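Chemist: whatever this is, show me its structure:
(2 chains)
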Amino acid sequence: DTAVSQTPKYLVTQMGNDKSIKCEQNLGHDTMYWYKQDSKKFLKIMFSYNNKELIINETVPNRFSPKSPDKAHLNLHINSLELGDSAVYFCASSPQTRLPSGNTIYFGEGSWLTVV
Amino acid sequence: DAKTTQPTSMDCAEGRAANLPCNHSTISGNEYVYWYRQIHSQGPQYIIHGLKNNETNEMASLIITEDRKSSTLILPHATLRDTAVYYCIVMNYGGATNKLIFGTGTLLAVQP
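Modeler: The predicted structure is shown next:
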């Protein structure tokens, strides 16, 4: 079974549309993240949630709204999509926000978003 | 901003050891060194991490210098499937807002 799963894997949509990417982890982790990888391949954190509470918000436009219905899920909703939103979005999870020795962050396989 | 410096790319012959260097001269006492890799079109994959001592697992070995200002990731017998971008990251383990800050990484190309 996939530890961190994201859907959809590929998404092509028009500018101005609203879309969501779903993420689920079956690892029992407390913390989940969204990362964005742009066309230049830079990976940057967008958000992190710990037990459904927002912990990190890296000055992402408020068109991006994460939603965590429970600690196993962190969905990313994007309103009014723009061309610059085209990227690969990675969901990730870790046991807790503090990472003492032995804890790591596990990533999903990514969701390829193309805005046309 | 990333706190590490890595070569942009490296080549390695299949079956030989791949040694990937990383400089982290501003590392602080409570920061770990983490290594991740990203194979093309996949999500980043954890490899190994360490604080002061050298570490080894089934994937790789991590050698950290005594002053902790640099480290080397060693893949003992590289295969074609090890071709990937390798990221060296330093991260505080005790903060309430841990986050991996990725740099540009090293593209390791394993040649047949």
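Chemist: phi first, then psi, for whatever residue of chain B ends up closest to chain A.
Modeler: Closest residue of chain B to chain A, C-beta to the nearest C-beta: residue B:43 (3.5 Å). C-betas here are computed from N, CA, C, even on glycine. Dihedral pair for residue B:43: phi -80, psi 160, per degrees, to the nearest 10.
Chemist: show me what contacts the residue lying closest to residue A:10 once chain neighbours are set aside?
Modeler: Nearest non-adjacent residue to residue A:10, counting by C-beta to C-beta, 6 or more residues apart in numbering or on different chains: residue A:112, 4.8 Å away. By C-beta atoms under 8 Å, 6 or more residues apart in numbering or on different chains, the contact set of residue A:112 is A:9, A:10, A:11, A:88.
Chemist: which member of these is positioned nearest chain B?
Modeler: Using C-beta to the nearest C-beta, the contacts of residue A:112 come closest to chain B at residue A:88, 8.7 Å.
Chemist: burial count for the closest one?
Modeler: Applying other C-beta atoms under 10 Å in any protein chain shown, we find 20 residues neighbouring residue A:88.
Chemist: now the phi/psi pair for the closest residue in space to residue B:102 that isn't next to it in sequence, please.
Modeler: Using C-beta to C-beta, 6+ apart and skipping the chain neighbours, the partner closest in space to residue B:102 is residue A:43 (4.0 Å). Dihedral pair for residue A:43: phi -100, psi 120, per degrees, to the nearest 10.
Chemist: residue A:43 against residue A:92, yeah?
Modeler: No: between residue A:43 and residue A:92 there is no contact under C-beta atoms under 8 Å: 10.2 Å.
Chemist: identify the contacts common to the two.
Modeler: A:35, B:44.
Chemist: and the residue nearest to residue B:102, what does it touch?
Modeler: Counted by C-beta under 8 Å, 6+ apart, residue A:43 has contacts A:35, A:36, A:37, A:90, B:38, B:44, B:87, B:100, B:102.
Chemist: most widely separated two among those residues?
Modeler: A:36 and B:87 (15.4 Å; C-beta to C-beta).
Chemist: and the two? Which one has more around it.
Modeler: Neighbours were counted for residue A:36 and for residue B:87 using other C-beta under 10 Å; residue B:87 has more, 26 against 20.
Chemist: with adjacent residues omitted, what lies nearest to the more buried one?
Modeler: Using C-beta to C-beta, 6+ apart, the nearest residue to residue B:87 is residue B:105, at 4.3 Å.
Chemist: residues near that neighbour, how many?
Modeler: 28.
Chemist: pLDDT at it, what is it?
Modeler: On pLDDT, residue B:105 comes in at 94.
Chemist: you'd agree it is up against residue B:39?
Modeler: No: between residue B:105 and residue B:39 there is no contact under C-beta under 8 Å: 12.0 Å.
Chemist: so who does residue B:108 touch?
Modeler: Per C-beta under 8 Å, 6+ apart, neighbours of residue B:108: B:9-12, B:18, B:20, B:75, B:78, B:82-86.
Chemist: so which of these reach chain A?
Modeler: For chain A, the contacts drawn from those by C-beta under 8 Å from any C-beta of the partner chain are residue B:85.
Chemist: narrow the contacts of residue B:108 to those in strands?
Modeler: Among those, the residues falling in strands (DSSP state E) are B:9, B:10, B:11, B:12, B:18, B:20, B:75, B:84, B:85, B:86.
Chemist: return a PyMOL selection command for the buried portion of the residues you listed.
Modeler: In PyMOL syntax, the buried subset of the ones in strands among the contacts of residue B:108 is picked out as below (16 or more other C-beta atoms under 10 Å in any protein chain shown):
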select buried, chain B and resi 10+12+18+20+75+84+85+86
